[in-house]
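Asker: Predicted coordinates and the sequence they were generated for:
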Number of protein chains: 4
Amino acid sequence: MSGSTFGTLFRITNFGESHGPAIGCVIDGCPPGLALSEADIQPDLDRRRPGTSRHVTQRNEPDAVEILSGVYEGQTTGTPICLLIRNQDQRSKDYGNILDTFRPGHADYTYWRKYGLRDPRGGGRSSARLTAPMVGAGAVAKKWLQQQYGTRFRGCMTQLGEVPISFEGWEHVGANPFFAANVSQIEQLEAYMDALRKSGDSVGARIRVEATGVPVGLGAPLFDKLDADIAYALMGINAVKGVEIGAGFCAVSQRGSEHGDELTPTGFASNNAGGVLGGISTGQDLVAEIAIKPTSSIRLPKASIDRAGEPTVVETFGRHDPCVGIRATPIAEAMLALVLMDHALRHRAQCGDVALATAPIASARP
Amino acid sequence: MSGSTFGTLFRITNFGESHGPAIGCVIDGCPPGLALSEADIQPDLDRRRPGTSRHVTQRNEPDAVEILSGVYEGQTTGTPICLLIRNQDQRSKDYGNILDTFRPGHADYTYWRKYGLRDPRGGGRSSARLTAPMVGAGAVAKKWLQQQYGTRFRGCMTQLGEVPISFEGWEHVGANPFFAANVSQIEQLEAYMDALRKSGDSVGARIRVEATGVPVGLGAPLFDKLDADIAYALMGINAVKGVEIGAGFCAVSQRGSEHGDELTPTGFASNNAGGVLGGISTGQDLVAEIAIKPTSSIRLPKASIDRAGEPTVVETFGRHDPCVGIRATPIAEAMLALVLMDHALRHRAQCGDVALATAPIASARP
Amino acid sequence: MSGSTFGTLFRITNFGESHGPAIGCVIDGCPPGLALSEADIQPDLDRRRPGTSRHVTQRNEPDAVEILSGVYEGQTTGTPICLLIRNQDQRSKDYGNILDTFRPGHADYTYWRKYGLRDPRGGGRSSARLTAPMVGAGAVAKKWLQQQYGTRFRGCMTQLGEVPISFEGWEHVGANPFFAANVSQIEQLEAYMDALRKSGDSVGARIRVEATGVPVGLGAPLFDKLDADIAYALMGINAVKGVEIGAGFCAVSQRGSEHGDELTPTGFASNNAGGVLGGISTGQDLVAEIAIKPTSSIRLPKASIDRAGEPTVVETFGRHDPCVGIRATPIAEAMLALVLMDHALRHRAQCGDVALATAPIASARP
Amino acid sequence: MSGSTFGTLFRITNFGESHGPAIGCVIDGCPPGLALSEADIQPDLDRRRPGTSRHVTQRNEPDAVEILSGVYEGQTTGTPICLLIRNQDQRSKDYGNILDTFRPGHADYTYWRKYGLRDPRGGGRSSARLTAPMVGAGAVAKKWLQQQYGTRFRGCMTQLGEVPISFEGWEHVGANPFFAANVSQIEQLEAYMDALRKSGDSVGARIRVEATGVPVGLGAPLFDKLDADIAYALMGINAVKGVEIGAGFCAVSQRGSEHGDELTPTGFASNNAGGVLGGISTGQDLVAEIAIKPTSSIRLPKASIDRAGEPTVVETFGRHDPCVGIRATPIAEAMLALVLMDHALRHRAQCGDVALATAPIASARP
């Protein structure tokens, strides 16, 4: 409601600013009895954190997570889990020039108009740094879903700027700085990014995210549809301008005879649906893609106004990702995991445990 | 939560099934003192209702709305407004063959797996007929927003199947059965649909929806972002598989120097943002596009299974839209209006009335 | 949020006014597969409806309920259940004199101040008539809880005005017009009410409500406590001014050595807790009491002001209950059932079905 | 929903355990531009903290609050405010004997039954220590309400065990360790508590809490009534077993001619309503009373069972308040402030700023 809580039954309340003392979140509604420690959460945070290659911001943040509550003797107790991440490498003076002007394409302007004041240090609350606690919370959701249903999450970059990245295999994703499921184009992508960085400009990206081992029956009839909640979660990631489920915009020119995934006794024959029909999961892989816009903080000059409404020119220095899409894959995975976790609990509330069978054949229900 | 309520402060609770006695909704949270009668609501319902051309389902439903509560002497009282629409033209026997099988691409399968039983008459709760009450509620939101801020809504079809529809002017939208902002391609579209209908197949569509006169400052910092809520609302419309805000997927290959909309003392110089930055409205036009998949109920045979998991073939007769996208424009407008209305009330709660100035210049705030 | 929805996972959205065309509610989140028809709901509505004795209002309302959605072939489908009750016996002219003045002790004044206008016909939305849909929804909750866990609900009047009513046995409750668990004082109560009615005055009452067969473990740690939610539900009934759980206000002067209910291998030795410890059900009977104030619509003259702020005198004619407490027992039962139902679903979401064992011995959990 | 969030528009998410590293809360929805620092919050925390007299627990906790986010250059930014309080004086071994048994009257048993495991250190999440963050959040609400509407909060103990405390003046409340509005009985109360402590037993208390300068029109028609939300908030405080608004249980034996508060051109002539009619504030003082049960952790032996269901005897040592009611006054004030704050924002959302006039005369509205 007030903008800092995500989810209904597995709910994450996020706090902090890019250059404040700390960021973090409170996870409420986690089932009791889940084995949990910082070691379950840190790996996903490490996949997202800055400074891991020359293609992302050089801000030096270990993003070390501390569990402040909700775990006793290595198990979740059913009470709220607070994750705390101390900020370490603020250099607020880098942003001094932003104080009185508005970067084109940035939230500077809208925050100031909404609230009448804003914390300009590193983008304050609008910084993508605030996705770190979500990645932490997502790791908790991932662990529970995997133990309960065998659900797993994965994602990759499918386009960098105007360069489509061909899919060569999930095993490549961890082996390059772009989260590309690709081994043959990496040199090309490195050169592309090096030239971009030198130019002082930025570029967009396209990311695919998937869940496998998804229970059938998650979602709701009219609102709170699984795909609508996924769209909400993914569109809410900083810089996202588009979301597709399954065939996405390609469905526009498909015929019904082509689009509808046929059912066989052993499962679906295709996955144009992307794993959702009528807002409810089919048990197929959940598949979504997102469009990420280019970073708005660039060195190249752009026309803008200052707080008095007078024309000015903005050039942004400081440390920024030239393509925020590069670090977006673990974030998108986390958001998808949070949606599924929430829907798994909601389903359990109304329909009980029984219905969560993952068998693709219809006969699994009486 | 349970899937039938939309919105938080202006909240719509929807009920009914396609072939039950009635459909409707309860609108809670409407400000008091709004002049309101059925005459404010019926026109939008008429734009959406079936049977208005040969290109949509021939089900004969007047969709006459009755206000059951919340209005006294022609004014809203601040208490819940119940809208009731009686179903008139059910022919449930048309659907008899669907009872034991699952249409590929349809929610038949997932409803049955989720609940263990389903109302198969006309798709029951998964029918697009349930969007009628939302169109009704949207008309209330539209009226209040227009009176309060001068906000207006409009939409058009931009692609029918593989045929892009060029934009020639908003004035054309009401003058053809496709909601096309176009006058020169209408014959082509008519012929296209006639051939499609004869073939027994269906096709997708692409719809644009916009709001003008949008107050600046609507939305929230991290979650409950205005664009995320729009994505949720639009992806939740039956058959939608993709949502874009502003530049959408085109932003992937844009450079930051191109994408970021420059600010001038008289307003923004472009609108790649689609009216939202950092989840908060900029005061520019809100612009979104959606992808609608082809109808899953088609006459052409498709492989499927029955409830026992045995292979079968499904051919769907009965009355269906060969392109559900044709009637989607007023629905998308309504959902956009409901999101804006809710955010207008939320903004008022936290920041008070003052911040809702619509002036594009930054100096509107101290 | 906006005041017309009760509950979170089993959520009731209520609509209508005392003298509008209809009242009703939408029940969302009901588990699928519950056998349900109007015959399950009508009996509780009949216990609450007006005109059943000379001691309550003589308004003639059959309160016949119609299920508009959510049930197919006699079973709930998991989609929203709309209950509709048409108003039959409005005599709005009876209330003409209330239009411009404010009855002392009535919501006339606050509604007008909040909204700037109000529906004065029969109290509009503030009428106790709006509890009828809640009684209907409560009947659905009762049926599910009884089938699932054997939970049952009962209540009785324990004091009428200054007359305490001694408890003689639950079997007497249905055999007198006061819901008294008593057979020996009924004549006294009849005479008391006859005199009161003649005097043109009104009087308060005290009601006890209980649930038996309550699963252990319902509730939540800090907020959403079971007893806090019961307090919310009961204080929200028209005219209620106080709520007690278990020992209630008597606990103030108890010693800890006396108050704490001892545990034995076969269960608790007493029930000062009223079935809740730390906000979570113990498996003991849930026991609550409420204080109901005297009706504010009385024939005796009282000083007030009119809408211009000028002094005036108000005498209320029309049809009113001289003691609204008389019909409050089925309402309190329904509200208690709705709270328990909601918490049962919430518990199932977080902890799964297993934890809902009702055994009083601690060893039921590993 | 999941039990750790309070409020809807001004929402507090609470985390931590009595003997974990820290407790705290996230305040979301605070209006921007409120001057705020730790100095605004600490005084209320100091009124509640342990160790301030010999009549409360001797645990040594400074309860020093740290603002982690949401404030920039001394003003709230409209984004979430995280309050952190580090625990300092845990002595978990004091509670070793509680691990395998259940204190009669304590949440030990229900937590274990609900979750299958629990954090026994100092009561874990069920400790009254978790009210400290609520007192902190309440201080923020108090400050905003006072600045915006002149609303103020106060409370006092009206009964300690079987000893009624006569009201002699609000000025005495801060001058004795009992929050008694009394100067003449303090010696008696001191002696009473000394004897009680020596006996190893505990006792209950009765607390009154009030708000003055309350805007008229706060609350909602049917649910989310102001008094129902107050009942929820107060019943949710640890150990509370009863809540009254205004005349409370005395209303049972009142006549309507006596109970209904008459209106005059200059305001109400009495306040049996306790400031709420029909769930909406009247502008009179809000008045509530609560019953607090005796502490369940006592030295005197009580029969219980262990985790295997075997009979045992429990005697609780460690540091405990012999009357938790003594420190309850600032907690009750905070909860009342949080409810009013939330309703003020909700009202503003639906009805705008205008309606918040506090004038008692009806003519304030057109």
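Answerer: Cool, got the structure.
Asker: Please, where are all the helices along the stretch 251-366 of chain A?
Answerer: A:256-259, A:328-351 (DSSP state H, counting those that start in this stretch).
Asker: would TSV of those with mean neighbour count, mean pLDDT and distance to residue B:171 be doable?
Answerer: The C-beta positions use only the backbone N, C-alpha and C, and glycine is treated the same way. Putting the helices of the stretch 251-366 of chain A into TSV (neighbours: other CB atoms under 10 Å in any protein chain shown; pLDDT from 0 to 100; distance: least, CB to CB, whole Å) gives the following:
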stretch	mean neighbour count	mean pLDDT	distance to residue B:171
helix A:256-259	22	96	32
helix A:328-351	27	96	41
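Asker: Looking at those, which is nearest to chain C?
Answerer: When those are compared by CB to the nearest CB, helix A:328-351 sits nearest chain C, at 3.7 Å.
Asker: is chain D contacted by that closest one?
Answerer: No: counting by CB under 8 Å from any CB of the partner chain, chain D is not contacted by helix A:328-351; separation bottoms out at 9.0 Å.
Asker: now that helix against helix C:328-351, angle please.
Answerer: With axes from the mean of the first three to the mean of the last three CA atoms, to 10 degrees applied, the angle from helix A:328-351 to helix C:328-351 works out at 140 degrees.
Asker: and helix A:328-351, does that touch chain B?
Answerer: Yes: using CB under 8 Å from any CB, helix A:328-351 comes into contact with chain B via A:346-347, A:350-351.
Asker: now check that helix, is it near chain C?
Answerer: Yes: with CB under 8 Å from any CB as the criterion, chain C is reached by helix A:328-351 at A:345-346, A:348-351.
Asker: quick check, nearest of those to residue C:268?
Answerer: residue A:349 (28.2 Å; CB to CB).
Asker: one step back: would you list the residues of helix A:328-351 next to chain C in a markdown table and tack on distance to residue D:234?
Answerer: Listed next are these as a markdown table, based on distance: CB to CB, whole Å:
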| residue | distance to residue D:234 |
| --- | --- |
| A:345 | 29 |
| A:346 | 30 |
| A:348 | 32 |
| A:349 | 28 |
| A:350 | 31 |
| A:351 | 35 |
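Asker: nearest to chain D, of those?
Answerer: residue A:345 (9.0 Å).
Asker: ok, now how distant is that closest one from residue C:349?
Answerer: 4 Å (CB to CB, to the nearest Å).
Asker: overlap in contacts of these two?
Answerer: Jointly contacting residue A:345 and residue C:349 under the rule CB atoms under 8 Å, 6 or more residues apart in numbering or on different chains are A:9, A:29.
Asker: Skipping adjacent residues, who's closest to residue A:260 in space?
Answerer: residue B:105 (2.8 Å; CB to CB, 6 or more residues apart in numbering or on different chains).
Asker: in chain A, which ranges drop under the pLDDT threshold?
Answerer: Applying pLDDT under 70 to chain A picks out residues A:1-2, A:91-97, A:353-366.
Asker: how about the strands of the stretch 151-300 of chain A, start to end?
Answerer: For the stretch 151-300 of chain A, applying DSSP state E, counting those that start in this stretch gives strands covering A:152-160, A:163-164, A:205-212, A:240-245, A:263-264, A:267-268, A:276-277, A:280-281, A:286-292.
Asker: just the CA coordinates of the last one, formatted as CSV?
Answerer: It refers to strand A:286-292. Presented in CSV, the C-alpha positions along strand A:286-292 are these (Å, rounded to 0.1, in the frame of the first residue of the first chain):
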residue,chain,number,x,y,z
LEU,A,286,7.1,-20.7,-16.0
VAL,A,287,8.8,-18.4,-18.7
ALA,A,288,8.9,-14.6,-18.7
GLU,A,289,11.0,-12.0,-20.5
ILE,A,290,11.7,-8.4,-19.5
ALA,A,291,12.9,-5.3,-21.3
ILE,A,292,15.3,-3.1,-19.4
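Asker: Is it in proximity to chain B?
Answerer: Yes: Strand A:286-292 lies within reach of chain B by CB under 8 Å from any CB, at A:291-292.
Asker: Over to the longest one?
Answerer: Yes: Strand A:152-160 reaches chain B (CB under 8 Å from any CB) through residue A:159.
Asker: Please list the residues outside that strand that contact it.
Answerer: Under CB under 8 Å, 6+ apart, the answer for strand A:152-160 is A:142, A:146, A:164-165, A:167, A:170, A:173, A:178-182, A:189, A:192-193, A:203, A:205-213, A:289, A:323, A:325-326, A:328-330, A:332-333, A:336-337, B:252-253.
Asker: Whichever of those residues end up buried, select them in PyMOL.
Answerer: To isolate the buried ones among the contacts of strand A:152-160 in PyMOL, judged by 16 or more other CB atoms under 10 Å in any protein chain shown, type:
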select buried, (chain A and resi 142+165+173+178+179+180+181+182+189+192+193+203+205+206+207+208+209+210+211+289+323+325+326+328+329+330+332+333+336+337) or (chain B and resi 252+253)
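Asker: how would you label residue A:57: helix, strand or coil?
Answerer: Three-state assignment for residue A:57 (DSSP: H, G, I helix; E, B strand; the rest coil): coil.
Asker: what about it, how many neighbours?
Answerer: Neighbourhood size, residue A:57 [other CB atoms under 10 Å in any protein chain shown]: 22.
Asker: same thing with residue A:138?
Answerer: Residue A:138, neighbours per other CB under 10 Å, totals 28.
Asker: in the sheet, who's paired with the closest residue to residue A:328 other than its chain neighbours?
Answerer: Spatially, and ignoring its direct neighbours in sequence, residue A:328 is nearest to residue A:207 (5.3 Å; CB to CB, 6+ apart). Applying DSSP bridges to residue A:207 gives these bridge partners: residue A:157, residue A:290.
Asker: and residue A:207, what does it touch?
Answerer: A:155-158, A:179, A:289-290, A:292, A:325, A:328-329, A:332.
Asker: cool, and residue A:252?
Answerer: Residue A:252 is in contact with B:159, B:161, B:204-206, B:291-293, counting by CB under 8 Å, 6+ apart.
Asker: Up against chain C, what does chain A have?
Answerer: So chain A meets chain C at A:1, A:9, A:29-32, A:78-79, A:221-222, A:345-346, A:348-353 (CB under 8 Å from any CB).
Asker: one more time with 6 Å
Answerer: Where chain A comes near chain C, counting by CB under 6 Å from any CB of the partner chain, the residues are A:9, A:29, A:31, A:79, A:221, A:345, A:348-350, A:352-353.
Asker: What lies in contact with stretch A:49-66?
Answerer: Stretch A:49-66 is contacted by residues A:38, A:41, A:45, A:83-85, A:88-89, A:132, A:136, A:177, A:193, A:319-321, A:326-327 when judged by CB atoms under 6 Å, 6 or more residues apart in numbering or on different chains.
Asker: Is there a quick PyMOL command that grabs whichever of these are buried?
Answerer: In PyMOL, a selection of the buried entries from the contacts of stretch A:49-66 looks like this (16+ other CB under 10 Å):
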select buried, chain A and resi 41+45+83+84+85+132+136+177+193+319+320+321+326+327
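Asker: Tell me which entries of the contacts of stretch A:49-66 lie within helices.
Answerer: A:38, A:41, A:45, A:132, A:136, A:193 (DSSP state H).
Asker: Closest one of these to residue A:199?
Answerer: Nearest to residue A:199 among those, counting by CB to CB, is residue A:193 at 10.6 Å.
Asker: Assign the residue in the stretch 51-200 of chain A that chain C sits nearest to to helix, strand or coil.
Answerer: Closest to chain C within the stretch 51-200 of chain A is residue A:79: 5.4 Å, counting by CB to the nearest CB. Per three-state DSSP, the local secondary structure of residue A:79 is coil.
Asker: who's in contact with it?
Answerer: Residue A:79 neighbours (CB under 6 Å, 6+ apart): A:70, C:221, D:125.
Asker: Quick check, the residue in the stretch 201-350 of chain A closest to chain B?
Answerer: Closest point on the stretch 201-350 of chain A to chain B, by CB to the nearest CB, is residue A:278, at 2.3 Å.
Asker: Compute the number of surrounding residues for the spatially closest residue to that residue that is not a sequence neighbour.
Answerer: Distances taken as CB to CB, 6+ apart place residue B:107 nearest to residue A:278, at 2.3 Å, with adjacent residues excluded. For residue B:107, the count of nearby residues is 27 (other CB under 10 Å).
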